[in-house]
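Colleague: Got a predicted structure plus its sequence, pasted below:
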Amino acid sequence: MRLYSHEELGQLDANATELADRIQSGQALIGVVGLGYVGMPIALEFCKKGFQCIGVDVSEKKVEALNRGENFIEDLKDEEVNEMVQNGRLRASTSYEALADADVIYVAVPTPFDANKDPDLSYILSAGEGIASILQPGKLIILKSTTFPGTTEESFAPILDKSGYKVGEYYLAFSPERVDPGNTTWHTGNTPIVVGGVTEAGGILAALANNQIIEKVYVVSSPKVAELEKLLENIFRSVNIALVNELAMLCERMGGIDVWEVIEAAATKPFGYMKFTPGAGVGGHCIPVDPYYLSWLAREHDFETRFITLAANTNESMPYHVANLVVKAIARQPISLYDAKVLIVGASFKKNVKDIRNSTSEAVILRLLEQGVTQIDVTDPWVDYFPVGGKKYPSVDITPEMLASYDCVVLITDHDAFDVEEIVNHSRYIIDTRNMTNGVTHNRDKITVLGVTEPKVKVEELKIKN
Ligand SMILES: NC(=O)c1ccc[n+]([C@@H]2O[C@H](COP(=O)([O-])OP(=O)(O)OC[C@H]3O[C@@H](n4cnc5c(N)ncnc54)[C@H](O)[C@@H]3O)[C@@H](O)[C@H]2O)c1
């Protein structure tokens, strides 16, 4: 982090200059609305740099836990959160009143879609109402929640204006989040970030604030650019995952070509290629949701994002495909779907995290239930209970006897904690959607890997019974 001179900061009005000084001197009081996967790391980073920080969340449970010094985000160190609470730098409240003296307020609330897959901005708007009730001139608001272009200026700012002040009197910027839970290389501090201010001063101040905890900050010309670049990042992943998912299904159809070997081979190219891998779909708060934020906006402009929607649909078809693989595996055994016992291995949406939002395991379970497979258990060391369709599936412990009792074991989330050897040794049949069994050379005849089938036998070579 470096200090910027007033000349470097450009033409700032008196309020902005004062705020810039407060930020650079570590005196600014930082507010964070939404103490989740995005908000908590921001709050903790500021505290670690010596700032005072107040978090506001509608969840009493989270606020009370944090004020007791308890950490609830797996990537954060328990002792660091506790230390910051004990030394008085970090505190939390359910009331927006607590933000009355905050100089900078980050907003990191959910942006899901509704039942029709249209954007649900209600959390952002409700946070805006709360902030408007305490907003004063000279304060900086930074929206972090992923959303479609125009949200900051056309939806969020008008709510903030209910304070009686307009942008320019207060400062506003959009700065999308790039935190990747479970990633041990890239964290808040070393992941570059983008900022788009509604006014030039908003952009400069937001860059300055971010720069206290993040090494590299890129200022773009508007919040809309920042909003769309975030959607581009996530849709890029959605499209590329859809590509390999489609390739996996093609490889199964053709037989004799292992899609995982194909992907590894392509990944030897040192430029112009980025590796993505197939799976039972896409999960989490971002990749399954963000394509729809953009397609909804596109429709407003009489534009159909066909390519992006096709990719989303391809990914959404994967749980159906995996459920069919399970049904086929059961059909090979002398048991009916109704009597079959299935174990889902992995409930969280990606490896080594406990986040179960939009988990593909949920989608696979729902598809299996639809097909009449009702005896389903779930195991996941990161998750105590997995709620699906009104039922809470407790995470069961994996033992050799327990594994042997299932007619099909479905590997969905590739947590490092899973002992794949043990699973292969004791399971009767395995559907592996993440190539977790790669490297296990024995018992291959009882493993079906997504994207891998035996070479096809020609129809004329089949011994068809009359
Ligand atoms: N989780 C990620 O990896 C990630 C990465 C990049 C961007 N994002 C985006 O960041 C935003 C937040 O995601 P998250 O994963 O941190 O969500 P989260 O669910 O972990 O946290 C959001 C928090 O906001 C609180 N909240 C909801 N409404 C509120 C309100 N009106 N006032 C105060 N608090 C409120 C919730 O109780 C919750 O604690 C989303 O837009 C998401 O798409 C998430």
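Modeller: Nice, thanks for sending it over.
Colleague: if I pick the closest residue to the ligand within the stretch 351-466 of the chain, what's in contact with it?
Modeller: Per C-beta to the nearest ligand atom, residue 355 is where the stretch 351-466 of the chain lies closest to the ligand, at 6.8 Å. Backbone N, C-alpha and C define where each C-beta goes, glycine included. Counting by C-beta atoms under 8 Å, 6 or more residues apart in numbering, residue 355 touches 37, 181, 284-285, 348-349.
Colleague: Where does pLDDT dip in the stretch 151-300 of the chain?
Modeller: Confidence mapping of the stretch 151-300 of the chain against pLDDT under 70 gives zero matching residues.
Colleague: Show me which residues of this structure are close to the ligand?
Modeller: Within the chain, the positions near the ligand by C-beta under 6 Å from any ligand atom are 33-39, 56-59, 62, 108-111, 123, 126-127, 130, 144-146, 177, 179, 181, 285-286.
Colleague: Pop out the phi and psi values for the closest residue to residue 339 other than its chain neighbours.
Modeller: Leaving out its chain neighbours, the residue that sits closest to residue 339 by C-beta to C-beta, 6 or more residues apart in numbering is residue 375, at 7.4 Å. Torsion angles at residue 375 (phi, psi; degrees, to the nearest 10) stand at phi -90, psi 90.
Colleague: doesn't residue 336 make contact with residue 375?
Modeller: No - applying C-beta atoms under 8 Å, one finds residue 375 not in contact with residue 336, separated by 10.9 Å.
Colleague: returning to that earlier point: ok, the contacts of residue 355 vs the ligand, which is closest?
Modeller: Ranked by distance to the ligand (C-beta to the nearest ligand atom), the contacts of residue 355 are led by residue 37 at 3.5 Å.
Colleague: residue contacts, the closest one?
Modeller: Contacts of residue 37 by C-beta under 8 Å, 6+ apart are 73, 179, 181, 285, 355.
Colleague: Just want to know which of residue 375 and residue 336 has more residues nearby.
Modeller: More crowded of residue 375 and residue 336, by other C-beta atoms under 10 Å: residue 375, with 14 against 11.
Colleague: which stretches of the stretch 101-250 of the chain form helices?
Modeller: For the stretch 101-250 of the chain, the helices defined by DSSP state H, counting those that start in this stretch occupy 122-132, 157-160, 200-211, 223-254.
Colleague: Now the element after the longest one, going C-ward?
Modeller: Which is helix 223-254. helix 259-266 (DSSP states H and E).
Colleague: Now do the helix or strand just after that next one: which elements does it pack against?
Modeller: Heading C-terminal from helix 259-266, the first helix or strand you meet, by DSSP H and E, is helix 290-300. If you count contacts as 3 or more C-beta pairs under 8 Å, 6 or more residues apart in numbering; DSSP states H and E, helix 290-300 packs onto helix 223-254, helix 306-331.
Colleague: who does the last one touch, helix- and strand-wise?
Modeller: Read it as helix 306-331. So helix 306-331, by 3+ C-beta pairs under 8 Å, 6+ apart, packs with helix 223-254, helix 290-300, helix 360-370, strand 408-411, strand 430-432, strand 447-449.
Colleague: Show me the contact partners of the fourth one.
Modeller: Put plainly, it is strand 408-411. 322, 326, 329-330, 340-346, 364, 403, 418, 420, 423, 427-434, 436-437.
Colleague: Quick check: ChimeraX command selecting the buried ones in those residues.
Modeller: Selection of buried members from these for ChimeraX, criterion 16 or more other C-beta atoms under 10 Å:
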select :322,326,329,330,340,341,342,343,344,345,346,364,403,418,420,423,427,429,430,431,432,433,434,436,437
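Colleague: what's the spacing between residue 80 and the ligand?
Modeller: Remark: distance between residue 80 and the ligand (C-beta to the nearest ligand atom, to the nearest Å) = 18 Å.
Colleague: ok, now residue 202?
Modeller: 20 Å.
Colleague: quick one, what contacts the nearest residue to that residue once chain neighbours are set aside?
Modeller: The spatial neighbour of residue 202 that comes closest, neighbours along the chain excluded (C-beta to C-beta, 6+ apart), is residue 171 at 4.1 Å. Residues near residue 171 by C-beta under 8 Å, 6+ apart: 16, 19, 138-141, 197-199, 201-202, 205-206.
Colleague: What residues are bridge-paired with residue 171?
Modeller: Residues in a beta bridge with residue 171, per DSSP bridges, are residue 140.
Colleague: show me what contacts the residue in the stretch 151-300 of the chain positioned nearest to the ligand?
Modeller: Closest to the ligand within the stretch 151-300 of the chain is residue 177: 3.8 Å, counting by C-beta to the nearest ligand atom. Applying C-beta under 8 Å, 6+ apart to residue 177 gives the contacts 38, 108, 144-146, 193, 230.
Colleague: Now neighbour count too, for the residues you listed, in CSV please.
Modeller: Putting those into CSV (neighbours: other C-beta atoms under 10 Å) gives the following:
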residue, neighbour count
38, 26
108, 28
144, 24
145, 27
146, 23
193, 22
230, 25
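Colleague: Okay, and which of those residues map to strands?
Modeller: Using DSSP state E, the subset of those located in strands is residue 193.
Colleague: And this structure, what are its domain boundaries?
Modeller: 6-221, 245-449 (automatic domain parsing).
Colleague: possible to save these as CSV with distance to residue 456?
Modeller: Converted to CSV, the domains of the chain look like this (distance: least, C-beta to C-beta, whole Å):
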stretch, distance to residue 456
domain 6-221, 37
domain 245-449, 4
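Colleague: What subset of the residues of the chain next to the ligand is buried?
Modeller: When those are checked for burial by 16+ other C-beta under 10 Å, the buried set is 33-39, 56-57, 62, 108-111, 123, 127, 130, 144-146, 177, 179, 181, 285-286.
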